[in-house]
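Trainee: here's a sequence, model it:
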Amino acid sequence: MDTDALRWLQQVADGTTVTEVSELESVTQSGVSRALARLEAQIGTPLLRRSGRTLRMTHAGAVFKPHLDALLHNLDDGIAAVSQLIDPDSGTVALAFQQSLGTWLVPDLARSFRAAHPGVRFRLTQVRNEPNSAPLDGGNADLELGTRRPPDAAVHTRLIALEPLRLALPREHLLAGQQSTGQQRISLAEVAGEPFIGLRPASALRRLTDNLCEQAGFRPTVIFEGDDLSNVRGFVAAGLGVAVVPAPRAGSPEAVAGPVVYREIVDPGAVREILLTWSAERRLLPATDLFRRHVIRRAATGRLPAVSE
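Mentor: The predicted model follows:
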């Protein structure tokens with residue numbers, strides 16, 4: 001149906017004359033009348049009747065009117081929602097990210113972006129860092145921040161930063177006490193006989209940890225496996241083992257002094273990539289593209305949170 005005709009019918013039903021409608025809409029009176037007649041033909045019964053010089057609703061028109069009002073209200077809401085979505089200053093950014101980046105990187109990027117674009121909203125979802133999982137939360141997100149490089153050719157990937165890894169030790173561990181002697185660096189070979197806490201084997205960080213240990217000449221004895229790094233740190237804090245984890249960042253909860261001590265790993269390759277991913281098959285909406293460029297620019301100028309000392 002012609003949405004203009006529906007709106008004109010609504011106006012006439014609310015007491016506006018055809019002459020007034022034609023003046024408001026810059027359409028001839030005959031054009032308005034023909035549109036209303038076509039609408040009645042589509043519905044299959046007259047909706048208006050003439051009473052003197054005024055058009056009034058027929059019984060069918062009165063029955064139709066509440067549905068017409070609801071339809072146009074929903075249509076206007078939908079148009080407003082789309083307008084808001086495509087407005088770069090009031091749209092929504094659908095962002096997927098790995099859990100370990102949610103304590104420092106994502107909050108910093110969102111805060112710095114909203115300082116210039118306070119009307120933009122974020123729809124956030126967490127994704128696993130398993131190499132074979134679908135990128136962009138299976139298509140539900142427009143951007144992804146993570147440490148895995150999807151093999152899918154249908155996405156663009158941009159390196160944002162290299163994240164150093166650290167060995168997490170219980171504070172009472174012998175190697176943790178070396179800070180007083182200035183010895184804050186450690187090789188994984190020094191903890192070859194220690195129990196390890198790790199993520200599940202499918203995790204990219206777990207695979208990287210296993211590879212680093214193999215290069216150091218041993219296979220780690222993993223006694224606890226978890227789904228997220230907060231659990232891993234919790235078991236290390238309890239004195240149950242050591243773990244390879246991302247370096248704490250300034251301002252993050254992990255950087256606060258507590259029962260876990262972090263030591264720099266001297267083994268080559270003890271870093272992981274942080275990547276920004278977006279679809280190569282669909283155009284990003286304005287607010288999302290603004291945020292994508294903000295992330296790239298902030299990374300290129302070295303304005304990401306620093307590693308905590």
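
Trainee: tell me which strands and helices the helix or strand encompassing residue 214 is in contact with?
Mentor: Per DSSP states H and E: residue 214 is located in helix 204-215. Applying 3 or more Cβ pairs under 8 Å, 6 or more residues apart in numbering; DSSP states H and E, we find helix 204-215 packed against strand 195-199, strand 243-246, strand 271-279. Where C-beta positions appear, they are placed from N, C-alpha and C, glycine not excepted.

Trainee: all helices for the stretch 101-250 of the chain, in order.
Mentor: Applying DSSP state H, counting those that start in this stretch to the stretch 101-250 of the chain gives helices spanning 105-114, 136-139, 204-215, 229-237.

Trainee: give the next helix or strand downstream of the biggest helix by length in the chain.
Mentor: For the chain, the helix that runs over the most residues, judged by DSSP state H, is helix 59-86. Downstream of helix 59-86, the first helix or strand assigned by DSSP H and E is strand 92-98.

Trainee: partners of that next one, with directions?
Mentor: Here strand 92-98 is paired, per DSSP bridges, with strand 121-127 (parallel), strand 143-146 (parallel).

Trainee: in the first one, what counts as buried?
Mentor: Put plainly, it is strand 121-127. For strand 121-127, a neighbour-count test (16 or more other Cβ atoms under 10 Å) marks residue 127 as buried.

Trainee: from residue 167, how far out is residue 187?
Mentor: As judged by Cβ to Cβ, to the nearest Å, residue 187 and residue 167 stand 9 Å apart.

Trainee: hey, what's in contact with both of those two?
Mentor: Shared contacts of residue 187 and residue 167 (Cβ atoms under 8 Å, 6 or more residues apart in numbering): residue 265.

Trainee: about what we covered before: pick out the shakiest of the helices of the stretch 101-250 of the chain, pLDDT-wise.
Mentor: In terms of average pLDDT, helix 136-139 trails the rest of those, at a mean of 88.

Trainee: which of the helices of the stretch 101-250 of the chain sits most buried?
Mentor: The highest mean neighbour count among the helices of the stretch 101-250 of the chain, using mean count of other Cβ atoms under 10 Å, belongs to helix 229-237: a mean of 20.

Trainee: and it, what other elements does it pack with?
Mentor: Counting contacts by 3+ Cβ pairs under 8 Å, 6+ apart, helix 229-237 packs against strand 155-170, strand 195-199, strand 221-226, strand 243-246, strand 260-265.

Trainee: could these be laid out in JSON lines, adding mean pLDDT, mean neighbour count and distance to residue 52?
Mentor: Converted to JSON lines, those look like this (pLDDT from 0 to 100; neighbours: other Cβ atoms under 10 Å; distance: least, Cβ to Cβ, whole Å):
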{"stretch": "strand 155-170", "mean pLDDT": "96", "mean neighbour count": "18", "distance to residue 52": "66"}
{"stretch": "strand 195-199", "mean pLDDT": "97", "mean neighbour count": "23", "distance to residue 52": "80"}
{"stretch": "strand 221-226", "mean pLDDT": "95", "mean neighbour count": "16", "distance to residue 52": "79"}
{"stretch": "strand 243-246", "mean pLDDT": "97", "mean neighbour count": "26", "distance to residue 52": "79"}
{"stretch": "strand 260-265", "mean pLDDT": "95", "mean neighbour count": "22", "distance to residue 52": "85"}
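
Trainee: nearest to residue 58, out of the ones you listed?
Mentor: Each of these has some distance to residue 58 by Cβ to Cβ; the shortest is strand 155-170, at 56.6 Å.

Trainee: parallel or antiparallel, which strands does that closest one pair with?
Mentor: Strand 155-170 is paired, per DSSP bridges, with strand 243-246 (antiparallel), strand 260-265 (antiparallel), strand 271-279 (antiparallel).

Trainee: next, format those as JSON lines and append distance to residue 231.
Mentor: JSON lines is the format used below for these (distance: least, Cβ to Cβ, whole Å):
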{"stretch": "strand 243-246", "distance to residue 231": "10"}
{"stretch": "strand 260-265", "distance to residue 231": "13"}
{"stretch": "strand 271-279", "distance to residue 231": "19"}
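
Trainee: residue 302 is nearest to which of the ones you listed?
Mentor: That would be strand 271-279 among the strands paired with strand 155-170, by Cβ to Cβ, at 13.6 Å.

Trainee: just to revisit the earlier point, please tabulate the helices of the stretch 101-250 of the chain in a markdown table, including the columns distance to residue 65.
Mentor: Converted to a markdown table, these look like this (distance: least, Cβ to Cβ, whole Å):
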| stretch | distance to residue 65 |
| --- | --- |
| helix 105-114 | 43 |
| helix 136-139 | 40 |
| helix 204-215 | 59 |
| helix 229-237 | 57 |
